[in-house]
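> What follows is a predicted structure for the sequence shown.
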Amino acid sequence: MINRCADVVVWINQTVAYTTGVEMTVEVRIRKDAMTFDGGLWFGRDGHRSSVVPLLVGFEWADGTTSSNLPSPELNAGGLGRFRGTAGAHNASFAFGLDHLPPRSESVLVTAAPFLGLSERKITFDAGIILDAASRVEVLWPDDRRPIPCERGDRDAVPRIPSTGWFADHYVQAPPRPAGGYAAVVTPAKGAPRYPDDWVDGAPTNSTDQSCAICGSVNVVWVHPLDIDRTSYRVYGKGHSLPSFWALCEDCEQMYRAGNDDAVVAVMEKYWIFQDTDEQLHQALTVFRRADKGARRFSS
């Protein structure tokens, strides 16, 4: 535990030592009945993009140097950077990386988050533990310092499956997508209902078999019927169409209502199995807002 107050707790979930640096994962939890806020605050902005003080993390090392996530990283980072993170209305997880091993001896970790009611707190720890762990690291391959080529793959390519073995025997191939990338349209048989009998306004009334459209959680509470005449859109020259509704869990519902699309997309990127780009996710979210007919709670 590195900081806490009555309704908020901050701790380091794990520390991973490498031969040339350290990775630390910081977790934050907020009591759900205490507050609900725009997830963008974790990233240093509110729903209107104005500047706020985010969760601050800093280190004082034994040799007098410092590292922190203060703004203007070129002047303040000291080798510390955040390279991964997710945030919701009541929780956040951030992975910080230090690009060097700290000097041995007693060091200080400082945290503060004024918008959460967390005042500045300092704790001391022995950085020698990190160095001891780094000394036991197994180097998998020598680093020859050659640049790694980076190529953007074809997002429409079909993954290749082995022709023999367990995976080949259990692979059920999906039908090919229609030309042009348009979503398939299923026409019901003549006289068949467009939606199940217990659906209202193109959306289910209970949460059975539903999952959150943003984070994938099965603990959905809200359903948003969509205007199907406004769910079609194009991105990167290809046609797409949203379903007739989106289901959301409580945390994602509050984040969606706060209006911070950047925070919503950050959650989508972590949990969605599709390889969509930021632009594609933002476009889908924009269409969702445009077609949204309002939220209602699931009956069960």
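Alright, I've got the coordinates.

> Which positions in the helix or strand bottoming out on mean pLDDT in the chain come out as buried?
Here the helix or strand of the chain ranked lowest by mean pLDDT, DSSP states H and E is strand 238-241, holding a mean of 76. Within strand 238-241, the residues that count as buried by 16 or more other C-beta atoms under 10 Å are His240. All C-beta atoms are positioned from the backbone trio N, CA, C, and that covers glycine.

> Any idea how many residues pack against Lys71?
Actually, residue 71 is Pro rather than Lys. Number of residues near Pro71 (other C-beta atoms under 10 Å) recorded here: 13.

> Surely it is in a strand?
No - under DSSP: H, G, I helix; E, B strand; the rest coil, Pro71 falls outside any strand and is assigned coil.

> ok, it to Val26 distance?
Applying C-beta to C-beta, to the nearest Å, the value for Pro71 to Val26 is 18 Å.

> again, but for Ser68
Per C-beta to C-beta, Ser68 is found 13 Å from Val26.

> What of Ser300?
37 Å.

> Among these two, which residue is more densely surrounded?
Val26 (22 against 7).

> hang on, the earlier thing: tell me, what's touching Ser68 and Val26 both at once?
Residues touching both Ser68 and Val26 (C-beta atoms under 8 Å, 6 or more residues apart in numbering) are Val57.

> Longest helix in this protein, please.
Ranked by number of residues, the top helix in the chain under DSSP state H is helix 278-291.

> Could you pull up the contacting residues of Arg289?
Arg289 neighbours (C-beta under 8 Å, 6+ apart): none.

> whoops, Arg31 was the one
Arg31 sits in contact with Asp7, Val8, His90, where contact means C-beta under 8 Å, 6+ apart.

> Nearest to Thr124 among these?
Nearest to Thr124 among those is Val8, at 21.7 Å by C-beta to C-beta.

> What are the neighbouring residues in contact with the residue nearest to that closest one when sequence neighbours are not counted?
Spatial nearest neighbour of Val8, excluding adjacent residues (C-beta to C-beta, 6 or more residues apart in numbering): Leu116 at 4.8 Å. Residues in contact with Leu116 (C-beta under 8 Å, 6+ apart) are Cys5, Val8, Val28, Ile30, Met35, Leu55.

> same deal with Pro204?
Shown in contact with Pro204 (C-beta under 8 Å, 6+ apart): Pro196, Asp198, Gln210, Val223, Phe245, Ala247, Phe298.

> Restricted to buried residues, select those in PyMOL.
Selection of the buried residues among the contacts of Pro204 in PyMOL, burial being defined by 16+ other C-beta under 10 Å:
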select buried, resi 210+223+245+247+298
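
> among the contacts of Pro204, which are in strands?
Among the contacts of Pro204, the ones falling in strands (DSSP state E) are Val223, Phe245, Ala247.

> Run through the residues that contact the second one.
Right, Phe245. Gly202, Ala203, Pro204, Val223, His224, Pro225, Leu226.

> Quick check, the first one in contact with Pro225.
The one in question is Gly202. Yes - counting by C-beta atoms under 8 Å, Gly202 does reach Pro225; the two are 5.1 Å apart.

> overlap in contacts of these two?
Counting by C-beta under 8 Å, 6+ apart, the residues touching both Gly202 and Pro225 are Ser244, Phe245.

> Report how many residues lie close to Thr208.
By other C-beta under 10 Å, 11 other residues sit near Thr208.

> Tell me the spacing between the nearest residue to it once chain neighbours are set aside and Gln173.
Using C-beta to C-beta, 6+ apart and skipping residues adjacent in sequence, the residue nearest Thr208 is Ser300, 7.8 Å away. Here Ser300 is placed at a distance of 36 Å from Gln173 (C-beta to C-beta).

> ok, Gly202 and Pro225, which is more surrounded?
Neighbour count, other C-beta under 10 Å: between Gly202 and Pro225, Pro225 has more, with 20 against 15.

> mind checking the SS state of that one?
Following three-state DSSP, we place Pro225 in the strand state.

> tell me the contacts of it?
Listed by C-beta under 8 Å, 6+ apart, the contact partners of Pro225 are Val200, Asp201, Gly202, Ala203, Ser244, Phe245, Lys293, Gly294, Arg296.

> cutoff 6 Å now
Counting by C-beta atoms under 6 Å, 6 or more residues apart in numbering, Pro225 touches Asp201, Gly202, Ala203, Phe245, Lys293.

> For Gln210, see how far away the residue nearest to Thr208 is.
Distance from Ser300 to Gln210, by C-beta to C-beta: 11 Å.
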